[in-house]
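Asks: Can you look at this prediction? I've put the sequence above it.
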Amino acid sequence: MLFLKRTFEKLMIFFLGLRRIVCLTSPSTSSSPPLRIVSLNRNGGNVKYFDLVDDTDYNVDCSSGGGNVDDKTMFDSIIKDPIFVVRTLKRHVFTAMRSTLAKTFLPTGFPGKTPPNYLRFSFWSWIQDVSTQLRSVLATQRILEGVGVGSSEATALSALFNYLVRDGCGMAAGLLFTYAASSRFRTDSKRWRIFADVSVDIGITLEVVATLFPKPLFLPCICVGNMFKAVCGVAAGACGGSINLHWATGSDISDINAKFGAQHTVTGAIGLIFAGIFAKSVTLISPLKLWMLYFSLTYLHLYANVRCMRLISFDYLNTIRIDMILRQYMTREDKSISTPQEIAAEESLWFQIPILGRIFTRNISSAKPSIHFGVAFDEFCKRSGKPVGMLLSGLDLTQTNLQSDKKSITQHTTTVSDAYLISSGVHGREVVVSFLMNVSSEQQTKAYFHAWLLGSKLQENEKYVNGISTIDLTSRLEVEEETKLLLEFTWAEFRQNCIDAGWYLSRSELQTRGFEVKIE
């Protein structure tokens, strides 16, 4: 009995220290419930709860930062309902833990202001990281075996030389790939992200199989593998910005980057644990089972990356997405257009390269018009087969006189509402487009729409001579004029349908040749 009595006294002393909790949970003598005020903290989505109480109803003074409660009132409150106090304590502890985790790993405004599927994207991203780490363990093991770790014949200098050559080849490959493809990442981030993951899978595989080749081929094999991994680093880093911007809706890019960094830190730690177990067990299983496990992890890595890209629904148009909605617009009777979420579930995520592109590319319908978009003016003239005077006849050239103190300067300026030049090509349904200076994203979208209309009309009028598509100049000019008249009312309808479906035409990312024409 003495032990029970002392235990009860210690519990009472513990609850006496919980003045703030008792202030929030003391039973009310009033029939009306207390008013709850929810204070939202934008930093990490933290939520704090406060209850308003009244001295006359509760006999508690909570005016000074959590309440000053006398001991008698404290004991009475605890004795009357101690279980309720304990439950309230658990609720506040749970709320504090949840708030801390949300502040560390979830973006500001989650879930109300964050695009949907953020948690699913984070889960599949974690699957990618873990599968890559497990395979990297096997690749590192094979490289160490190849450079002679554990062999009496190997020297530290030879191992260092192998690593220097391997890393140097990776650096060179990264620089060359940046030079060749840096301007293309912005307009097709999803497919380049898939390309990056395919590259790292090829690189890891080459490092794993390097020891299976004759010894003179070991160094070239790991060098090529590291070059593929360097290409992955460039492409994944370049595409990560646009992907993070998508999830930064309702937050900011720095917050999203920090939260993704925290998530990757935790997944990296978990991956290290799995990798340690994996490294210990690879020596205990047969080579056949090991390779089956390796290719299963590779497939899981690619599958997780595809699922991640399917969860991202960009609300701006690029060349792939505008081709899809233009096919819908041209074929559907109601001229309806799919939403960004619907397009994200169907758009192609693989480059159309031999064999691989045919296997994985989705929904490749009838061939679209051959559009040469944003070409230089000399190529524009060559492909259109028209004299310069005819090409510029549709432009409104006005002459402006600028007076200065020393001399009079006559400057020719060009004012064109659409800011692009368009013409049919000499070969069948070919369409060529050049942009004038300072063309906007919406004007580029209109130019692409115009090119699609013109290409469709040319296809209806083309003729084949010896298997080659041809159309004479007179017919081409007639088709161009007819398309121009059709554009006047179809563009307004198409534009409004895109806006209604949730597309932002002011931020299109169409792939162009990169040229603009300045007429002086």
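Replies: All right, it came through fine. Residues are numbered from 1 along each chain as shown.
Asks: What is the burial count for Trp291?
Replies: Residues near Trp291, counting by other Cβ atoms under 10 Å, number 13. The way it works is simple: take the backbone N, C-alpha and C, and place the C-beta from them, glycine included.
Asks: sec struct for it, please.
Replies: Secondary structure state of Trp291, per DSSP: H, G, I helix; E, B strand; the rest coil, is helix.
Asks: ok, it to Val282 distance?
Replies: According to Cβ to Cβ, to the nearest Å, Trp291 and Val282 sit 11 Å apart.
Asks: same check, this time on Ser508
Replies: With the distance defined as Cβ to Cβ, Ser508 ends up 49 Å from Val282.
Asks: Those two: who's more crowded?
Replies: The residue with more neighbours, out of Ser508 and Val282 and counting by other Cβ under 10 Å, is Ser508; that gives 23 against 17.
Asks: That one and Ser441 touch, don't they?
Replies: Yes: Ser508 sits in contact with Ser441 when judged by Cβ atoms under 8 Å, with a separation of 4.4 Å.
Asks: could you point out which element follows the helix or strand of the chain with the lowest mean pLDDT?
Replies: Between all helices and strands in the chain, the lowest mean by mean pLDDT, DSSP states H and E belongs to strand 408-415, at a mean of 33. With elements assigned by DSSP states H and E, the helix or strand that comes after strand 408-415 is strand 420-424.
Asks: For the next helix or strand after that next one, output the C-alpha coordinates as PDB.
Replies: Past strand 420-424, further along toward the C-terminus, the next helix or strand under DSSP H and E is strand 430-436. Extracted as PDB, the C-alpha positions of strand 430-436 are listed here (Å, rounded to 0.1, in the frame of the first residue of the first chain):
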ATOM      1  CA  GLU A 430       6.300  20.200 -95.900                       C
ATOM      2  CA  VAL A 431       5.700  23.500 -93.900                       C
ATOM      3  CA  VAL A 432       8.500  25.900 -93.000                       C
ATOM      4  CA  VAL A 433       8.200  28.600 -90.300                       C
ATOM      5  CA  SER A 434      10.600  31.400 -89.300                       C
ATOM      6  CA  PHE A 435      10.100  33.700 -86.300                       C
ATOM      7  CA  LEU A 436      10.600  37.400 -86.100                       C
END
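Asks: Identify the residues contacting strand 430-436?
Replies: Strand 430-436 has contacts (Cβ atoms under 8 Å, 6 or more residues apart in numbering) with 369-377, 379-380, 383-384, 414, 416, 419-425, 443-444, 447-448, 450-451, 454-455, 458, 512, 515-519.
Asks: Partner strands of that strand and their direction?
Replies: Strand 430-436 has the following strand partners under DSSP bridges: strand 370-373 (parallel), strand 420-424 (antiparallel), strand 516-517 (parallel).
Asks: Please identify the deepest-packed of these.
Replies: When neighbours are counted by mean count of other Cβ atoms under 10 Å, the highest per-stretch mean among the strands paired with strand 430-436 falls to strand 420-424, a mean of 24.
Asks: So Thr187 is in contact with Arg507, correct?
Replies: No: here Thr187 lies out of contact with Arg507, judged by Cβ under 8 Å, at a distance of 11.9 Å.
Asks: Between the two, which is the more surrounded one?
Replies: The residue with more neighbours, out of Thr187 and Arg507, is Thr187; 17 against 13, by other Cβ under 10 Å.
Asks: Narrow the contacts of strand 430-436 to those that are buried.
Replies: Among those, those that count as buried by neighbour count (16 or more other Cβ atoms under 10 Å) are 369-375, 377, 380, 383-384, 414, 419-425, 443-444, 447-448, 450-451, 454-455, 458, 512, 516-517.
Asks: buried residues in the helix or strand that contains Arg142?
Replies: Under the assignment given by DSSP H and E, the secondary-structure element containing Arg142 is helix 118-146. Across helix 118-146, burial judged by 16+ other Cβ under 10 Å covers 118, 121-122, 124-139, 141-143, 146.
Asks: Quick check: mean pLDDT of it?
Replies: With pLDDT averaged residue by residue, helix 118-146 scores 87.
Asks: What is the neighbour count of Glu347?
Replies: 22.
Asks: Quick check: it vs Thr319, distance?
Replies: In this structure, Glu347 and Thr319 are 11 Å apart, going by Cβ to Cβ.
Asks: Then Phe123?
Replies: Counting by Cβ to Cβ, the gap from Phe123 to Thr319 is 30 Å.
Asks: what residues are up against the residue nearest the centre of the chain?
Replies: The centroid of the chain falls nearest to Ile243 when counting by Cα atoms, centre = their mean (2.1 Å). For Ile243, the contact set (Cβ under 8 Å, 6+ apart) comprises Ser189, Arg193, Ile312.
Asks: I figured the last one hits Ala344, correct?
Replies: Yes: taking contacts as Cβ under 8 Å, Ile312 lies within contact range of Ala344: 6.4 Å.
Asks: Can you list the buried residues in the helix or strand hosting Val234?
Replies: Using DSSP H and E, Val234 falls within helix 218-247. Applying a neighbour-count criterion of 16+ other Cβ under 10 Å, the buried positions in helix 218-247 are 218-219, 221-236, 238-240, 242-244, 246-247.
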